[in-house]
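S.K.: Mind folding the following:
(2 chains)
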Amino acid sequence: GQQVMQIPQYQHVQEGEDFTTYCNSSTTLSNIQWYKQRPGGHPVFLIQLVKSGEVKKQKRLTFQFGEAKKNSSLHITATQTTDVGTYFCASRPSNAGGTSYGKLTFGQGTILTVHP
Amino acid sequence: NAGVMQNPRHLVRRRGQEARLRCSPMKGHSHVYWYRQLPEEGLKFMVYLQKENIIDESGMPKERFSAEFPKEGPSILRIQQVVRGDSAAYFCASSARGGGDTGELFFGEGSRLTVL
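M.R.: Below is the predicted model:
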């Protein structure tokens, strides 16, 4: 089945430092989604990337989708304590038409801790 | 505007008992997904359902686990004869569509099962 590998598993940073998590797939993805889960909370949708080479920004967060649509990254500039949590990438398989469908498979997640 | 509602939030069972977890999707959503999460681990897909149909149950253990999403009422994840290894957080998510450009998932707050 389709799998996305996510690294690193853990990341500890000092407040103000940058943070990046990476998602890699052996197969071409039709699109990729990113979620954040706060400690003790539930996953919350952040963004979806669809186009090859796409870059989207949300304040201090920058999301990229690789040119080959096999990898993606989430970068946080100048982390704050409110950024603490686990960041997941997720994708669906592609059908013959190239659109995504069906179950959403999550990467293992990157647990971010921010020291004040 | 109620989101995805899960109950119970916490459930304690003794080994051999049954656990029933309920999920009411967001209004207008007909796609429901169940995921399981162990502490500091990722979200493991279990089952994907639409009204009255199981679309993908590739993540469900072959025994003791079942899921349904009846025409009326919530989706139910049922675990029979629970064992300690079933202790986990079970998240339900819903979406308006099963994929494509607007296939983001909206998660409930989870049901945390503890098996004594």
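S.K.: Now for B:F65: which residues touch it?
M.R.: B:F65 makes contacts with B:46, B:77-80, as judged by CB atoms under 8 Å, 6 or more residues apart in numbering or on different chains. Heads up, the C-betas are built off the backbone N, CA and C, glycines and all.
S.K.: Sort out for me which of these are in strands.
M.R.: Secondary structure defined by DSSP state E assigns B:46, B:77-79 of the contacts of B:F65 to strands.
S.K.: can you name the two of those that are farthest apart?
M.R.: Within those, two members stand farthest from each other by CB to CB: B:M46 and B:R78, at 11.7 Å.
S.K.: Now the common contact residues for those two.
M.R.: Contact criterion CB under 8 Å, 6+ apart; residues shared by B:M46 and B:R78: B:65, B:67.
S.K.: any idea which of the contacts of B:F65 is closest to B:T114?
M.R.: Of all these, the one sitting nearest B:T114 is B:I79; the distance, using CB to CB, is 12.4 Å.
S.K.: ok, now which ones touch the residue lying closest to the closest one once chain neighbours are set aside?
M.R.: The shortest distance from B:I79 to any residue other than its chain neighbours is 4.4 Å, reached at B:A19 (CB to CB, 6 or more residues apart in numbering or on different chains). For B:A19, the set of contacting residues under the criterion of CB under 8 Å, 6+ apart consists of B:11, B:13, B:78-79, B:82, B:86, B:113.
S.K.: So which helix or strand of chain A has the lowest pLDDT on average?
M.R.: Among the secondary structure pieces of chain A, namely its helices and strands, strand A:105-106 has the lowest mean (mean pLDDT, DSSP states H and E), a mean of 91.
S.K.: Does at least one residue of it sit close to chain B?
M.R.: Yes. Contact between strand A:105-106 and chain B is present through A:105-106 (criterion: CB under 8 Å from any CB of the partner chain).
S.K.: who's in contact with that strand?
M.R.: For strand A:105-106, the surrounding residues in contact (CB under 8 Å, 6+ apart) are A:1-4, A:35, A:88-93, B:35, B:42-43, B:45.
S.K.: Which helix or which strand is home to the residue nearest in space to the middle of chain A?
M.R.: In chain A, the residue lying closest to the centroid (CA atoms, centre = their mean) is A:C89, at 3.6 Å. Here A:C89 sits within strand A:85-91, counting by DSSP states H and E.
S.K.: for that strand, packing partners?
M.R.: In this structure, strand A:85-91 packs against strand A:4-7, strand A:19-25, strand A:32-37, strand A:71-76, strand A:105-106, strand A:110-115, with contacts taken as 3 or more CB pairs under 8 Å, 6 or more residues apart in numbering or on different chains; DSSP states H and E.
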